[in-house]
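In: predicted structure and sequence below. I'll ask about it afterward.
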Amino acid sequence: MRLAHIMIPALTIAGLTLTGCGIQKPATDANEKQANNKPPVRQQVDINNMDPGFLYLASQQAVEQGDHKLAIQLLTALVKKDPTAISPHIQLAGLLLQTGNKVEAEKHISSLLLQPSLKPEQFELLELSRIRLLASKQEMDPALTALQTFLKTRPAHIAARDLQVRLLANQNRISDALSAIQEAILAEERPEFRLLQAQLLLKQNNTAAARISLKRIVMLDPSSDTAVIMLSGIDLKENRAEEAENTLRKFLSSYPDAIRVSHALGKVLIEQNRIAEAILVYRNAETHADGNPEILKSLGMLYYRHKDLEKAEATFLRLLKAHPTDSSRFYYATSLEAQQKNKKAREMYNSINAESDMALEAQIRLAGLDFNAEQFKQAENRLLNVLKDQPTHMEAAMMLSSIWISQKQYQTLVDKTEYLMSEASLHPQILFNRAVAFDHLKQYQGVESMLNRVLSNHPRHNEALNFLGYTYATQGIHLDRAESLVKRALAQKPDDGYYLDSLAWVYFKRGDFTKALETQKKALAIISDDAIMFEHYGDILWANNKHEAAKEAWRKSLKMGPENKKLLKSKIANGPGN
């Protein structure tokens, strides 16, 4: 088989999406923070002997660090020591409810509600906690009834209305939820209520009414970035990208430090491939962001995409210095790798915490560096370790299959990637590599099966189009489909010499020798150093009764060191088929 390129696809950060740099922070931030910031060493002190004031301060520090288990222990000890400490007791009940300890939470809430010294705001907080507890136990009707009672005297209570609306919406009672919000707005028009109203209207696909609600928010609170982002989102949904852009730019002219709006505008520009303009937006945001990690990450990725690798490196270095997390290390290392600063990139990848969310990705990048340094066994071992932890990690499996291709381990590839065939989100390169392996094993049904599967999900995959067309031509079967497939590949890359060679071979197999010769000459005008293409040329010339020219073409092929030297010598001596 002759294919133009069988290599490991580049794994660059240009391929990473910028959606993580959008309106919401990635969900992995908390995990990464925990992995990179080791918890403080706790002194082995009996909690029961601690002063109540110290217990409270320590519990607040534990909450800030996300250690809810420790915070619950400290607050439990505190309320035992000081039963009159109502606020810590309420916080304890909330943490228990938040961590799913419903039984204990209910005990504390019930006992607190009986306290005669409760302030009105404390009673409200506990009553809402009790209602949330009912909802968490799927007792929706009692929860909604309690909320209705609560809201009779406090119709504009934001937290209660929010809970009521969300419970109704979760039951798909959108009309009831909208009525509840209208009651709240009549009591007091607040941006929070209008936002809930807009969200519900969008759920009903009523964008016109949602737009009115969002514009009311802007009037009530001109600094509301959420309303502006949602308005631009409606414009985008209605294919009015220019209006969306203008809305975001107008807001930024008044509030240049609105990071989320900068993200939204950047995304609009990126989707239009206006990378240089997106860079300007993020550079302006950086001057107001005070080292915001999402802004720096987005800017670095855009520099990378714009091929300004030095600026990408400098930006990721600033990110790393301001936020020394494993995510920052990974992006910085990738920018170094792109500039072939491989030693420094390796050091940075290796510095990533083995327990971090980025650890597996770092190992994949290290495997790529190993492969490029021809350290194939080391690359293979890294990838096998990744797949041991995550057997369906597609990037690792794809790279490993490419390594097996490069090492001509075709049967190994087929056998060890078989388990992935049931995966719906299978990487197309794995299927393509399996097709290559089946081709070398002369198992053409496997080639056809793999390539048809690629094309079913990626109908414009030009390499698969050419490969399948050439496979049919080699066997002399399905020649009409073979011609169609190769021409579809050529429609995308009209000057690809290998694709033209495939088309010439289709014509040759069909017996259209004149058209085959004309097409093969075009192919050789583009690529003049391929042994198989010259062998094809000789075969086509011979079929056109140009025997001496055919022998000369075969001699050129022979000089290029092909695998089938014996066959070529036979053709030169006796002609093909003799």
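Out: Arrived safely. Residues are numbered from 1 along each chain as shown.

In: switch to C-alpha atoms for all contacts and neighbour counts from now on
Out: OK.

In: contacts for the top helix by length along the chain, please.
Out: For the chain, the longest helix by residue count, based on DSSP state H, is helix 120-136. Residues outside helix 120-136 that contact it (Cα atoms under 8 Å, 6 or more residues apart in numbering): 87, 90, 94, 97, 102, 106, 109, 112-113, 140, 142-143, 146-147, 160, 167.

In: what does stretch 232-247 give?
Out: Residues outside stretch 232-247 that contact it (Cα under 8 Å, 6+ apart): 207, 211, 228, 231, 248, 265, 268.

In: packing partners of the helix or strand encompassing residue 518?
Out: Using DSSP states H and E, residue 518 falls within helix 513-526. Contacts defined by 3 or more Cα pairs under 8 Å, 6 or more residues apart in numbering; DSSP states H and E place helix 513-526 against helix 497-510, helix 531-543.

In: residues contacting the first one, please?
Out: Residues outside helix 497-510 that contact it (Cα under 8 Å, 6+ apart): 3-4, 466, 469-470, 473-474, 476, 479, 482-483, 486-487, 489-490, 513, 515-520, 522-527, 533, 536, 540.

In: which intervals of this protein have sub-threshold pLDDT?
Out: Applying pLDDT under 70 to the chain flags the ranges 1-46, 578.

In: and the contacts of helix 497-510, which are buried?
Out: Burial by neighbour count, 16 or more other Cα atoms under 10 Å: within these this picks out 466, 469-470, 473-474, 479, 482-483, 486-487, 489-490, 513, 515-517, 519-520, 522-524, 533, 536, 540.

In: returning to what we had before: next SSE after the longest helix of the chain?
Out: Next along the chain after helix 120-136, with elements defined by DSSP H and E, is helix 140-153.

In: buried set for the helix or strand following that following helix?
Out: Using DSSP H and E, the helix or strand that follows helix 140-153 in sequence is helix 158-170. By neighbour count with 16+ other Cα under 10 Å, helix 158-170 contains the buried residues 160, 161, 162, 163, 164, 165, 166, 167, 168, 169.

In: which of those residues sits closest to residue 321?
Out: The nearest member of the buried residues of helix 158-170 to residue 321, counting by Cα to Cα, is residue 162 at 39.8 Å.

In: what is the neighbour count of the closest residue in space to that closest one that isn't next to it in sequence?
Out: For residue 162, ignoring the flanking residues on the chain, the nearest one in space by Cα to Cα, 6 or more residues apart in numbering is residue 196 at 7.5 Å. Neighbourhood size, residue 196 [other Cα atoms under 10 Å]: 21.

In: OK, contacts around residue 196?
Out: Counted by Cα under 8 Å, 6+ apart, residue 196 has contacts 162, 165, 181.

In: residue 336 now?
Out: So residue 336 contacts 313, 342, 344, 345 (Cα under 8 Å, 6+ apart).

In: what's the separation between residue 421 and residue 334?
Out: Distance, residue 421 to residue 334, by Cα to Cα, to the nearest Å: 30 Å.

In: tell me which of those two has more neighbours.
Out: residue 334 (28 against 12).

In: for that one, phi and psi?
Out: Phi and psi for residue 334, reported as degrees, to the nearest 10, are phi -70, psi -40.

In: before we move on, back to that, which one of the contacts of residue 196 is nearest residue 544?
Out: So of those, ranked by how close each gets to residue 544 (Cα to Cα), first place is residue 165, at 79.7 Å.

In: how many residues are close by the spatially closest residue to the closest one that is not a sequence neighbour?
Out: Leaving aside its sequence neighbours, residue 165 sits nearest to residue 177 (Cα to Cα, 6+ apart; 4.9 Å). Other residues within reach of residue 177, judged by other Cα under 10 Å, total 24.

In: so what's residue 177 up against?
Out: Contact analysis of residue 177 by Cα under 8 Å, 6+ apart lists 164, 165, 166, 168, 169, 200.

In: likewise for residue 62?
Out: For residue 62, the contacting residues are 68, 70, 71, by Cα under 8 Å, 6+ apart.

In: next SSE downstream of the one helix or strand it maps to?
Out: Taking DSSP H and E as the definition, residue 62 sits inside helix 52-64. Going down the chain from helix 52-64, the next helix or strand is helix 68-81, by DSSP H and E.

In: which parts of that next one are buried?
Out: Neighbour-count burial for helix 68-81, counted by 16+ other Cα under 10 Å, picks out 68, 71, 72, 74, 75, 76, 77, 78, 79, 81.

In: relative to residue 84, how far out is the fifth one?
Out: Taking Cα to Cα as the measure, residue 75 and residue 84 are separated by 13 Å.

In: can you check the second one too?
Out: When distance is defined by Cα to Cα, residue 71 is 19 Å away from residue 84.

In: ditto for residue 485
Out: Applying Cα to Cα to residue 485 and residue 84 gives a distance of 80 Å.

In: got it, and residue 400?
Out: Noted for residue 400: a distance of 63 Å to residue 84, by Cα to Cα.
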